[in-house]
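Chemist: What would the 3D arrangement of this be:
(chains A and B)
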2 protein chains.
Amino acid sequence: MKLIKVKVVLLTLLVLIIPIELQAREHPVLILTKAGVEEIRKTLGQVPLFDSSVEKTKQEVDIEIAMGIDTPIPTDYSGGYTHERHKKNFVIAQQAGALYQILEDEKYAEYVRDMLFQYEAMYKDLPVHPKPRSYARGKLFWQCLNDSNWLLYMAQAYDSIYSFLSEEERQKLNQNLFRPFADFISIGNPQFYNRIHNHSTWGNAAVGMIGLVMDDQELIDRALYGIVDDGLALGLKDNDGGFIKVAGQKTGFLANLEQPFSPDGYYTEGPYYQRYAMYPFLVFALAMNNVKPELKVFQHKDGVLLKAVDALLNLSDAEGNFFPLNDAQKGMSYYSASLVTAVDMAYFYGGQNPQLLSVAEKQNEVLLDQTGLSVAIGIRDGKSEPFIKQSVNLTDGSDGTEGGVAVLRYGDEDLSLVFKYAAQGLSHGHYDKLSFSLYDRADEIIQDYGLVRFVNIGQKGGGNYLKENHSWAKQTIAHNSLTQDQTSHFKGKYEIGSQHHSELHFFDDSRADIQVVSAREANAYPGTEMHRTMAIIKPENFATPLVLDIMKVASDAKHQYDLPFYFMGQVLQANFDYEIPSSLTPLGDSDGYQHLYLEGKGKPASDSTQFNWLVEGKFYTLTAVTNVTDELLFARVGAQDPEFNLRRDAALIFRRKDAGDSLFVSVIEPHGRYSPVSELSVNPKSNIAALKVAFDTEAYTAVVIETLNNKSSLFIVANRDAATYTKHHLKIAGKHHNWQGPYHLEMIR
Amino acid sequence: MKLIKVKVVLLTLLVLIIPIELQAREHPVLILTKAGVEEIRKTLGQVPLFDSSVEKTKQEVDIEIAMGIDTPIPTDYSGGYTHERHKKNFVIAQQAGALYQILEDEKYAEYVRDMLFQYEAMYKDLPVHPKPRSYARGKLFWQCLNDSNWLLYMAQAYDSIYSFLSEEERQKLNQNLFRPFADFISIGNPQFYNRIHNHSTWGNAAVGMIGLVMDDQELIDRALYGIVDDGLALGLKDNDGGFIKVAGQKTGFLANLEQPFSPDGYYTEGPYYQRYAMYPFLVFALAMNNVKPELKVFQHKDGVLLKAVDALLNLSDAEGNFFPLNDAQKGMSYYSASLVTAVDMAYFYGGQNPQLLSVAEKQNEVLLDQTGLSVAIGIRDGKSEPFIKQSVNLTDGSDGTEGGVAVLRYGDEDLSLVFKYAAQGLSHGHYDKLSFSLYDRADEIIQDYGLVRFVNIGQKGGGNYLKENHSWAKQTIAHNSLTQDQTSHFKGKYEIGSQHHSELHFFDDSRADIQVVSAREANAYPGTEMHRTMAIIKPENFATPLVLDIMKVASDAKHQYDLPFYFMGQVLQANFDYEIPSSLTPLGDSDGYQHLYLEGKGKPASDSTQFNWLVEGKFYTLTAVTNVTDELLFARVGAQDPEFNLRRDAALIFRRKDAGDSLFVSVIEPHGRYSPVSELSVNPKSNIAALKVAFDTEAYTAVVIETLNNKSSLFIVANRDAATYTKHHLKIAGKHHNWQGPYHLEMIR
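Modeler: Below you'll find the predicted structure:
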């Protein structure tokens, strides 16, 4: 009896398991699913944005089909023909596969099949790519990274036509193309595959995706958990100077998901690379969700992948351009294809947030799968709501303890202050502790320079990073942060920078009239602590809000401090005298200074130095507390730039020599508008009469902003005690001030 | 019997005349008319764009009424409070007057009345303005020009409430304010009033407008015909270096209408000043048309005023920004209020061209009079058609014989080549004979620098012209034209430049595959003749059109020639080697060279020098025929600029030393796109393998463009014979070429 019972149970299990297995193996299984495709086919012609996305894709693919398939022998770096052709092939193949599923027109399946067999014929004998620049050369492309892109997309194309192919065809593709391809980018290149890096994420996901299509558990495990014994030496570095092998570090997709994302969804390399990494993360997570839902990849780390989409959208300006933190090409935005994926998936799997629909409307395109369909239906049904960005404070580090990035916002993104107090950000990190940038809607007012690279523009160093990225863009002086003794933070050394991060003092965005973030950096310069407090303040007597910046430096020795403001636009007026040199020479010979020309040099004429400028029809004034011995330098990027790789952008640098403890206080004041059409100036001049330090000790710093109409605002920050419950009392110039929490704002006249 | 008959006739005449007189004197009479206002009132609420224009105006005026009237004692230059306040007053008063007529709400009439009496009380004892910079100081403003603006607008405001005022009130305003005001800007300042200049146009129109309101024939005559005996000395000049008194020249409004406009409607100062001058021209012409139609001001010079509107609209880029010919602030566009006036009037009086309606739709505003109503009705009734800009060739000079300006356009303004071979352009003219600029839609590809001034931005020299306007912007080297021996055309002397103009060789926009303009300049450098032929060519083997530039120089002596290309955007690649200096020094010490830094210096490495750059996501390559002894200079604007008045823009300069006769040939080739969102490069590199001079004599110049796919286009220009009927024959390298007309284009391989 017992035996029979067991058998019945076993049989029942088998009955249960077999249909699941069969259903799970009925392709497509990755992004598109059988059920999803059926729903899509049913609603075709009834959902405008989905239909237009299908139509747009169809037009693109049909043109390519008409042109014929080309799989040239690889020879070029990015920007060159063979690179761009192979790149286009995998994108078009993936789209053609989706069209085959949706439209059931076999010409699309045939196109994918023929292309795959051209690759199959070619790949068997293909040597590594002839271009030598990468630490991990691919075969179709100069770097394994691009080969991984290829595989991730082609796995989807393959999945879409899997049932269209004969078993014999599948075997041939698996044996001659996909398995060797997956092996080459993984066990063939562990230095690429087996690390914590966006490169590896692409590799892991690509291997995992093809493993899911082929139902190859070895590849799926290799994707999820990495290579156990990779034979790599500790301390190995890549082209960008990033570490490859770190002691005790787990690898594989789950580790890559664990490590670079903070619990808030901030990706340590910054939004530009997060955008790039999001695609493999999301696509493989979705495929895992479809094929192996029991592994709960989407729910991993408290749903960090969906939080990451929200974080990413919040790290963009009013037109959706990502803030260029660390290496980042300006202009990358939520219009990127990977953000279409991100937004559609986040909508479908993240609780149908109607605000995401308005982003999708702007993108004007959806994914050709069930997530895209749900977005298009939501839009059709009028569920869209404006995507409202609030101030955010995002922790960095896998457990959220390695500093972070804060964005203070005022109004409808009329001001966005981006403040970085994060960790190094892996190999794409910049040496810019406590730096900031300032936006007025989508206009940069105080800019972060970004990277020095023309991505995929072949004639600029093969489209790769240019040497000025290291010699200029990563250096501290290229940022709106403090440089000590003309030396970058951590001496510009990645090994040192990677060990440290800044520390949040406090962040508060709970009030309408003031938002504050405050953080400290104690390791960038041993013996020196920098403590920067930045606030957006809207005193009642100002029409527009102000940005207050307090950089408090404590040091055990005397140093030279340089604090630059990379203002955009046109110089209008300064309240100090300066000399312009008869010829331009660089400001220094290393740490980025060799790329800065000195265009003017002056001394403060007042305790409140003022500088007034115009950006895109808007007037701004910087008012700074200065000493008579301060130097005021006008600098221009572009020295020692033999290939014209740098933009000729400007900075005003506050230089203080022979200083130990020191305090830099300034206010950036947006105050007016100019139209070249009406030629009217409205409020072209500052409303600030003086900026004063009223009090400054280790415990408190107090600043007074005096306006022309004789009103004053007092701001006090508690430098040591960030507790919200602490009650403070401070007597300044005979007057008593009482408040609770780490800061205080008061009209004092 | 006879006597009785005569009496009857007289009586009949009286009967006829009196009502006409009465009706004509029934205010408003200027822009709004009694009949027009009645029609407007009838259609209120039925014409969306008119209603929204009324509503917008009402909102603005209501805010001002709520704030109260301020007529401060004048103290400031433009950009300062008193200047901007008085400026706003006259604009708001004019609008309030119109609102009174349309809405019949007396609060608007009272507001205008009260403001006028505040001025009346003030003006009687007002001295000339305290700021000394103008050659003709006003009373309310620092220059009579702005006082004239005031009077022109206030005349309309006064007209609107004329019937609302008592006879006593009118007498008081006429005697204490308007008549003295009109006298001050005319007989009080003949050096301002009695010349051919946009300043005088404003003055004349202002005096005429108030004359029409007051029915003061003396003022009307003074407006139309100027001051007969002005007592001015010949050769007198104004602040800008412009002539005030020229022998034998007529003055007054009709002369100002006669002189600066060519028969094609081109205004010799250029579109920026034309836009400014259009308003008084049109408004006074309309008022004259309403009050004294028998003078046919609108029909003057074959309807030149309406042609001028068309010319002006055609001198703008794809987004309506005027090409910055001569002194011109970039960003001024057909969105300017004066162009709302121009477009509405041109529509109403110029035959209801439906294309003007699409411009009005973009402006999204109409005049609050019968012309604006007709435009709004046309739009409401769906009559609007796209405004299509074609290539145009506009003559300069009052009789059309003083050179001109040509715009070659390709596609939907994908390329617009602006070629200037005009007269000096009065005091706002630049020394830039045969210069050009190139646009891709609204993006400047090869720029014209424009002016050095921040109009109405007080902190920049009171908002007036800055000294670098003369030392830089007007100089030849600041333009895409040829400079000989580092000296500007006409030695930069206005007296000389004003005597000359370039000569058109030919213009032909009749073909789809090629459009050509060719002109000569023989006086800029005595002993040297420059002959520039520019074409937009679309050879069959190119996806996009090319710009061909042939600058042929004939000289009786050896000189140094500099030919700059002020490219916008980012340098990508050059096919020549160059050195960058370790410090930047100016290229010269006068004629604009003192403002250019030398950033790089090289020598051609090929007969076809190539330079590749990126502007706003679009790739361009300049290919130039070069000699081994040519110098290639990278230059940067901004040297000797102590107030940071200049933009740090770049140029590539072709320098040829010790040359007499010489030929510069180049091709500008748009050939691809880049997106920072997709990061895809499409056609980033040139398709041109070589550019060659195949033949060059006094009679013919032939150029061959060879492409990478081994095709060649031959272009031949007949340098001396511009006749379209001439048949030419030329043998080049053994091959015969036959054609008719001044140029020839042929695929030769």
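
Chemist: Tell me how far the residue nearest to the spatial centre of chain A lies from chain B.
Modeler: Closest residue to the average C-alpha location of chain A: A:P271 at 0.9 Å, with Cα atoms, centre = their mean. To chain B, A:P271 is 14 Å away according to Cβ to the nearest Cβ, to the nearest Å. Heads up, the C-betas are built off the backbone N, CA and C, glycines and all.

Chemist: was I right about that residue contacting A:F322?
Modeler: Yes - if you go by Cβ atoms under 8 Å, A:P271 and A:F322 touch, sitting 4.0 Å apart.

Chemist: which ones are touching A:F419?
Modeler: A:V405, A:A406, A:V407, A:L408, A:L434, A:S435, A:F436, A:V517, A:A519, A:R532, A:M534 (Cβ atoms under 8 Å, 6 or more residues apart in numbering or on different chains).

Chemist: partner residues bridging it?
Modeler: Taking DSSP bridges, one obtains A:A406, A:F436 as the residues bridged to A:F419.

Chemist: ok, which stretches of the stretch 401-550 of chain A are strands?
Modeler: Using DSSP state E, counting those that start in this stretch, the strands of the stretch 401-550 of chain A run over residues A:404-410, A:415-421, A:435-440, A:443-446, A:483-484, A:503-508, A:514-525, A:528-537, A:546-555.

Chemist: Packing partners of the last one?
Modeler: What it means is strand A:546-555. Counting contacts by 3 or more Cβ pairs under 8 Å, 6 or more residues apart in numbering or on different chains; DSSP states H and E, strand A:546-555 packs against strand A:528-537, strand A:662-674, strand A:700-707.

Chemist: strand partners of the first one, parallel vs antiparallel please.
Modeler: Spelled out, it's strand A:528-537. Strand A:528-537 has these strand partners (DSSP bridges): strand A:514-525 (antiparallel), strand A:546-555 (antiparallel).

Chemist: I'd like those as JSON lines, with mean pLDDT and mean neighbour count appended.
Modeler: Shown next, in JSON lines, are the strands paired with strand A:528-537 (pLDDT from 0 to 100; neighbours: other Cβ atoms under 10 Å in any protein chain shown):
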{"stretch": "strand A:514-525", "mean pLDDT": "98", "mean neighbour count": "23"}
{"stretch": "strand A:546-555", "mean pLDDT": "98", "mean neighbour count": "22"}
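
Chemist: And for the residue of the stretch 51-200 of chain A found nearest chain B, the neighbour number?
Modeler: Using Cβ to the nearest Cβ, the closest approach of the stretch 51-200 of chain A to chain B is made by A:G79 at 5.2 Å. Neighbours of A:G79 under the rule other Cβ atoms under 10 Å in any protein chain shown: 23.

Chemist: mind listing what it touches?
Modeler: A:N456, A:I457, A:G458, A:Q459, A:K460, A:G462, A:G463, B:S681, B:P684.

Chemist: Can you lay out the strands of the stretch 401-550 of chain A as TSV showing distance to A:Y725?
Modeler: Listed next are the strands of the stretch 401-550 of chain A as TSV, based on distance: least, Cβ to Cβ, whole Å:
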stretch	distance to A:Y725
strand A:404-410	22
strand A:415-421	23
strand A:435-440	28
strand A:443-446	34
strand A:483-484	35
strand A:503-508	12
strand A:514-525	17
strand A:528-537	19
strand A:546-555	23
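
Chemist: Find the residue closest to whatever residue of the stretch 601-749 of chain A ends up closest to chain B in space, skipping its chain neighbours.
Modeler: Going by Cβ to the nearest Cβ, chain B is nearest to A:P676 of the stretch 601-749 of chain A, at 2.9 Å. Nearest residue to A:P676 in three dimensions, chain neighbours excluded: B:G331, at 2.9 Å (Cβ to Cβ, 6 or more residues apart in numbering or on different chains).

Chemist: In contact with that neighbour, which residues?
Modeler: B:G331 neighbours (Cβ under 8 Å, 6+ apart): A:P676, A:V677, B:N321.

Chemist: Get me the contact residues on the stretch 201-350 of chain A for chain B.
Modeler: Taking Cβ under 8 Å from any Cβ of the partner chain as the contact definition, the stretch 201-350 of chain A meets chain B at A:Q329, A:K330, A:G331, A:M332, A:S333, A:Y335, A:S336, A:A337.

Chemist: can you pull the contacts of the second one?
Modeler: Taking Cβ under 8 Å, 6+ apart as the criterion, A:K330 is in contact with A:N321, A:P324, A:G450, B:P676.

Chemist: So which of those residues is the closest to B:L173?
Modeler: A:N321 (55.8 Å; Cβ to Cβ).

Chemist: Can you list phi and psi of that closest one for me?
Modeler: phi -80, psi 130 (degrees, to the nearest 10).

Chemist: now do the one 10 residues further on
Modeler: In terms of degrees, to the nearest 10, the main-chain angles of A:G331 are phi 100, psi -20.

Chemist: right, and A:L306 touches A:Q352 too?
Modeler: No - the pair A:L306 / A:Q352 is not scored as a contact, 11.9 Å apart, by Cβ under 8 Å.

Chemist: Settle it for me: which of those two has more neighbours?
Modeler: A:L306 (22 against 14).

Chemist: Could you check which helix or strand contains the more buried one?
Modeler: helix A:300-314 (DSSP states H and E).

Chemist: Wait, A:Q94 touches A:M154, no?
Modeler: Yes - A:Q94 lies in contact with A:M154 (Cβ under 8 Å); the separation is 7.3 Å.

Chemist: Show me the beta-bridge partners of A:G672.
Modeler: Beta-bridge partners of A:G672, as defined by DSSP bridges: A:F619.

Chemist: domain parsing for chain A?
Modeler: Annotated domains of chain A cover A:2-30+A:69-236+A:246-259, A:392-747 [automatic domain parsing].

Chemist: Worst mean pLDDT among those?
Modeler: Among those, domain A:2-30+A:69-236+A:246-259 has the lowest mean pLDDT, at a mean of 89.

Chemist: ok now that domain, how far from the chain's centre?
Modeler: Between the centre of domain A:2-30+A:69-236+A:246-259 and the centre of its chain there are 26 Å (Cα atoms, centre = their mean, to the nearest Å).

Chemist: Could you list which residues are in contact with A:K711?
Modeler: A:P539, A:N541, A:M747, A:R749.

Chemist: which parts of stretch A:395-413 are buried?
Modeler: Buried residues in stretch A:395-413, counting neighbours by 16 or more other Cβ atoms under 10 Å in any protein chain shown, are found at A:395-398, A:402-410, A:413.

Chemist: export it as CSV, just CAs?
Modeler: Backbone C-alpha positions of stretch A:395-413 (Å, rounded to 0.1, in the frame of the first residue of the first chain) are rendered in CSV as follows:
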residue,chain,number,x,y,z
THR,A,395,22.0,55.9,-1.3
ASP,A,396,25.1,54.4,-3.0
GLY,A,397,26.6,51.0,-2.2
SER,A,398,25.1,47.5,-2.3
ASP,A,399,23.8,48.0,1.3
GLY,A,400,23.2,51.7,0.9
THR,A,401,26.0,52.8,3.2
GLU,A,402,28.4,54.2,0.8
GLY,A,403,27.3,57.8,0.4
GLY,A,404,24.8,58.7,-2.3
VAL,A,405,23.4,61.2,-4.8
ALA,A,406,20.8,63.8,-3.9
VAL,A,407,18.7,65.9,-6.2
LEU,A,408,17.0,69.0,-4.8
ARG,A,409,14.2,70.2,-7.0
TYR,A,410,12.2,73.4,-6.9
GLY,A,411,8.9,74.0,-8.8
ASP,A,412,8.4,72.2,-12.0
GLU,A,413,12.1,71.4,-12.2
